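could you look at this predicted model? Sequence included:
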Amino acid sequence: MNLRACLIAALFTATPAVAQTDIVTPPKALLLENVPPIPADLAKKLDPYGEFRPHGMLSWNPNKREMLIRRRLTATNQVHLVTEPGATPVPLTDYPDAVQGGGFQPRAGRYFVFAKAEGGNEVFRGYRQDLATKEVTPFTPEGERLSDLRFSRDGTIAVYSTQPVDKNNPDRKARTIIHVTDPAKPSADRVIVTLDGGGWGDLRFSEDKKRIAMTEFISATESYIWVMDAKTGAKTRITNPPKGETVLYDNPEFTRDGKGLFVLSDNGSEFRRLVLIPSNGGAERVLTEKLKFDVDGFDVSFDANRIAFLTNENGSNALRFIDLASLKELPRPPLEAGVISGLLWREKSSEIGFSMTSARSAGDVFSYDVKANKVTRWTNGNNPELNTSEFVEPRLIKWKSFDGLEISAFHYHPPAKFTGKRPVIINIHGGPEAQYRPGFIGRNNYYVNELGVAVIFPNVRGSSGFGKTFLKLDNGMKRKDSVADIGALIDWIKQQPDLDGDRIMITGGSYGGYMTFACAVDFSDKISGSVAIVGISNFVTFLERTESYRRDLRRVEYGDERDPEMRAWFEKMAPLNNADKIGKPILVVQGKNDPRVPYTEAVQIVETLKKRNTPVWFILANDEGHGFAKKPNADYQFYATVEFARQTLLK
């Protein structure tokens with residue numbers, strides 16, 4: 001198939017009545033098929049909703065009260081320095097592709113490290129940037145995907161893992177290579193061990209640097225903690241769940257004396273709890289037993305003598321603290337409700353930094369001093385052209401699915417100026433083990449505030465945050481049960497006096513893209529159209545072509561396509577093989593370099609729909625991967641999506 005030939009000829013194929021001077025020129029990297037010209041006046045209305053600059057916490061300077069943050073520079077997210085609260089962020093990196101992460105060298109702080117890939121291929125490589133000279137030097141192997149990196153507490157060495165990508169891995173067998181290095185002296189890099197599988201991560205040194213703790217991920221509900229000798233690579237598994245049960249372990253952190261590990265665990269519980277485990281194995285001591293919520297993450301400070309941790313409470317986060325001496329919980333700080341991430345203690349202080357977003361905040365960095373009981377805001381990511389205080393807060397809604405299971409969602413309803421029944425966009429998250437949280441919905445605010453469209457973000461079965469039983473309910477041949485949850489939501493919408501059940505659009509990305517394809521098949525008579533972003537159209541072809549380092553993890557969740565019975569079921573339920581049932585218009589969006597959901601998943605269903613004369617718009621980006629990370633591409637995708645909604649949902 002000559003993909004480029006079949007796509008590029010279709011540029012600006014529709015709506016010829018619009019003058020060329022009044023339309024938006026698409027970015028050169030985008031190949032468009034059946035996407036009509038975008039009126040410039042529409043883009044002008046949409047642009048303010050794309051000008052938010054969310055900020056994310058990356059690293060504290062070990063010697064000054066300043067920090068590295070993540071923020072969009074021009075087209076992509078780059079590392080910035082914030083020298084004091086409220087100061088203008090100073091860019092330290094500037095690349096065509098987004099920079100992932102960023103962290104100061106502990107203690108000395110003479111440089112920071114970051115990772116970047118090319119064109120969305122996710123083959124990340126580690127780089128060191130010296131603060132004095134601004135010189136940038138790679139320190140991890142070219143052609144191997146950097147997936148995890150952690151310094152020793154004194155900053156003298158770092159441990160990291162890489163995986164060979166498929167073009168350098170002819171047998172496509174997943175492997176993880178564990179390295180120890182000094183980023184200032186890349187020649188000192190040495191491989192400790194090569195492990196089978198692509199699920200090894202969460203690398204952590206003990207205080208004496210003689211041992212490394214790590215997690216072996218099998219699936220979203222099964223993982224194990226290992227402790228490895230930092231010189232020889234000899235390793236011992238220290239977690240052994242009860243026979244016949246699977247347990248999730250995550251985020252190991254050594255105690256100061258090295259005799260224990262703080263770990264997240266759902267052993268004996270529906271929810272992830274913070275526990276203390278002997279570092280040579282043994283019984284777990286639960287530190288958050290009274291809290292009936294998932295613990296999302298934590299960070300330990302020996303300077304502040306505290307553990308900071310986050311609980312997931314109906315999607316929002318509570319920041320909590322445990323005293324290291326007594327291991328008892330302390331009073332909570334006075335924070336507004338929001339979704340929190342990136343907990344990071346500042347060295348030699350009682351101050352912890354974090355990122356927080358909410359329905360009215362695009363995402364900013366804050367700190368909290370536990371001794372002073374003071375919250376400090378460091379950044380402002382909102383767009384001054386829009387008054388975010390007027391953005392709607394979500395409603396938590398619930399409905400019963402086909403089997404009586406209660407499913408929930410967050411519903412952003414248009415302001416009172418829009419009367420009558422409102423059209424609806426159902427936006428399905430990816431993962432599938434993710435969870436929609438009541439945070440900032442970014443560009444989606446345009447639908448709510450300007451078009452009067454209600455946007456509903458469901459958490460179908462298989463979502464995290466609702467206990468491990470709920471998390472497993474879509475595994476294997478239960479996959480279509482989560483699609484049925486959306487069918488029940490559509491029925492619920494039809495019963496609501498303020499929602500228009502005859503005007504519904506489905507959208508989602510990654511696994512949410514699969515859900516979108518599946519809903520377009522199963523509910524064609526109930527929806528106006530759909531927008532599938534980097535979605536799976538057939539689990540057989542997806543599993544055969546996704547990168548090897550993540551394939552086995554996906555087989556546990558979705559099923560193994562090598563098993564004849566499973567393969568037959570995949571083929572039977574594949575949206576690709578049921579495309580004749582898709583009777584409503586669909587917009588398909590894909591990155592050519594996507595290592596997770598290969599671009600062929602989009603191409604094969606687009607070609608099938610074209611043969612059936614089903615209205616299909618297609619956007620393929622030659623310089624993107626699993627979603628559009630470059631702002632010009634993301635802008636145009638949004639323009640096209642709004643135009644699609646205007647021609648289908650709002651017609």
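Sure thing, it's come through.

which residues are contacting stretch 114-124?
Surrounding stretch 114-124, the residues in contact under the criterion C-beta atoms under 8 Å, 6 or more residues apart in numbering are 79, 93, 95, 97-103, 125-127, 129, 143-147, 149, 165, 547, 591-596, 621-627, 629. Every residue, glycine included, has its C-beta placed from N, CA and C.

just name the shakiest helix or strand of this protein by mean pLDDT.
helix 3-8 (a mean of 38; mean pLDDT, DSSP states H and E).

now the helix or strand just after that one: average pLDDT?
Moving toward the C-terminus from helix 3-8, the first helix or strand encountered (DSSP states H and E) is strand 30-33. Looking at strand 30-33 alone, the average pLDDT works out to 97.

off-centre distance for strand 30-33?
Taking C-alpha atoms, centre = their mean, to the nearest Å, the mean C-alpha location of strand 30-33 is offset from the chain mean by 26 Å.

helices along this protein, start to end?
Chain-ordered helices for the chain, with DSSP state H as the definition, fall at 3-8, 40-46, 444-450, 468-471, 479-494, 511-522, 539-545, 548-558, 564-573, 600-611, 631-647.

wait, which of the ones you listed is closest to Asn312?
Checking those against Asn312 by C-beta to C-beta gives helix 468-471 as the closest, at 12.7 Å.

circling back to that earlier point, tell me which of the contacts of stretch 114-124 fall in strands.
The members of these that map onto strands under DSSP state E are 79, 99-103, 125-127, 129, 144-147, 149, 591, 621.

okay, now the unreliable bits of this protein?
Counting by pLDDT under 70, the chain has low-confidence residues at 1-21, 168-169.

how is it carved up into domains?
143-377, 390-647 (automatic domain parsing).

can you say which of these is nearest to Pro26?
Closest approach to Pro26 among the domains of the chain (C-beta to C-beta): domain 390-647, 5.2 Å.

ok now the closest one, how far from the chain's centre?
15 Å.

ok, and the closest non-adjacent residue to Asp525?
Closest residue in space to Asp525, ignoring its immediate chain neighbours: Gly583 at 7.3 Å, by C-beta to C-beta, 6 or more residues apart in numbering.

let me know how buried the one you found is, in neighbour terms.
Using other C-beta atoms under 10 Å, the number of residues around Gly583 comes to 14.

is it true that it touches Thr614?
Yes - counting by C-beta atoms under 8 Å, Gly583 sits close enough to Thr614 to count as a contact (7.0 Å).

which one of the domains of the chain lies nearest to Lys44?
Of the domains of the chain, nearest to Lys44 by C-beta to C-beta is domain 390-647, at 10.3 Å.

now the terminal residues of that closest one, how far apart.
Terminal residues of domain 390-647 are spaced 28 Å apart (C-alpha to C-alpha, to the nearest Å).

ok, now stretch 344-354?
Between the start and the finish of stretch 344-354 there is a gap of 6 Å, counting by C-alpha to C-alpha.

for it, which positions count as buried?
By neighbour count, and taking 16 or more other C-beta atoms under 10 Å as the criterion, the buried residues in stretch 344-354 are Leu344, Trp345, Arg346, Glu347, Ser349, Ser350, Glu351, Ile352, Gly353, Phe354.

ok, stretch 110-120 next?
Under the neighbour-count criterion of 16+ other C-beta under 10 Å, stretch 110-120 has Tyr111, Phe112, Val113, Phe114, Ala115, Lys116, Ala117, Gly119, Gly120 buried.

in strands, which of those fall?
With strands identified by DSSP E, the entries of the buried residues of stretch 110-120 that belong to them are Tyr111, Phe112, Val113, Phe114, Ala115, Lys116.

closest to Ser265 among those residues?
Ranking those by separation from Ser265, with C-beta to C-beta as the measure, puts Ala115 on top at 28.5 Å.

from Leu553, how far off is that closest one?
Remark: distance between Ala115 and Leu553 (C-beta to C-beta, to the nearest Å) = 20 Å.

what bridges to the closest residue to Gly512 other than its chain neighbours?
The shortest distance from Gly512 to any non-neighbouring residue, by C-beta to C-beta, 6+ apart, is to Ile428 (4.0 Å). Beta-bridge partners for Ile428, by DSSP bridges, are Gly508.

so Ile428 touches Ile456, yeah?
No - under the contact definition of C-beta under 8 Å, Ile428 does not touch Ile456, with a separation of 9.6 Å.

looking at the two, which is more packed in?
Under the neighbour definition other C-beta under 10 Å, Ile428 and Ile456 were set side by side, and Ile428 has more, 34 against 24.

can you give me the distance of that one to Ala434?
Ile428 sits 10 Å away from Ala434, taking C-beta to C-beta as the criterion.

that older thread, which among the contacts of stretch 114-124 end up buried?
Members of the contacts of stretch 114-124 that pass the buried threshold by neighbour count (16+ other C-beta under 10 Å) are listed as 79, 93, 95, 97-103, 125-127, 129, 144-147, 149, 165, 547, 591-596, 621-627, 629.
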